[in-house]
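J.: I'd like to go over a predicted model; first the sequence, then the structure.
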Amino acid sequence: MSIFPRETADLLILVIVTVVVAVTITIFRRRANRPPPAQHDALMKRAEALAEKSPFLKNACREYKANGHLSKRQVDQITKAVARLERK
């Protein structure tokens, strides 16, 4: 009795199981290492939806995509602009 299979079917099953386990481990590791959503992502999604109506929001979305953060003043201004456009 040997650990390594000798028949072709047994080898094929061993290879398939090994690949499935490796893929599963890779998927779980990537999911576990995913960074949390940024603090202002929800606001910026709303701003992106309204970006065609406002050059300010279009510019703010482009800058946010480039550097990934906003100052407190920018957040206040974007919040006001989004609220104003959503009221219309």
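T.: Perfect, I can see it now. This structure is a prediction, so every number in the text was calculated from the model and none was measured.
J.: Distance-wise, check residue 69 relative to residue 38.
T.: Shown here: residue 69 relative to residue 38, a distance of 8 Å by C-beta to C-beta, to the nearest Å. Where C-beta positions appear, they are placed from N, C-alpha and C, glycine not excepted.
J.: how much space is there between the residue nearest to residue 52 when sequence neighbours are not counted and residue 41?
T.: Of all residues not flanking residue 52 in the chain, residue 58 sits nearest, at 7.3 Å (C-beta to C-beta, 6 or more residues apart in numbering). As defined by C-beta to C-beta, residue 58 lies at a distance of 17 Å from residue 41.
J.: okay, the two: which has more neighbours?
T.: Taking neighbours as other C-beta atoms under 10 Å, residue 58 and residue 41 compare with residue 58 leading, 15 against 12.
J.: quick one on the thing from earlier: is it true that the residue nearest to residue 52 touches residue 51?
T.: Yes. Between residue 58 and residue 51 there is a contact under C-beta atoms under 8 Å: 4.3 Å.
J.: quick one on the thing from earlier: helices or strands up against the one helix or strand the residue nearest to residue 52 maps to?
T.: Under the criterion of DSSP states H and E, residue 58 resides in helix 55-67. On a contact count with 3 or more C-beta pairs under 8 Å, 6 or more residues apart in numbering; DSSP states H and E, helix 55-67 meets helix 41-49, helix 72-87.
J.: Thanks again, I'm all set now.
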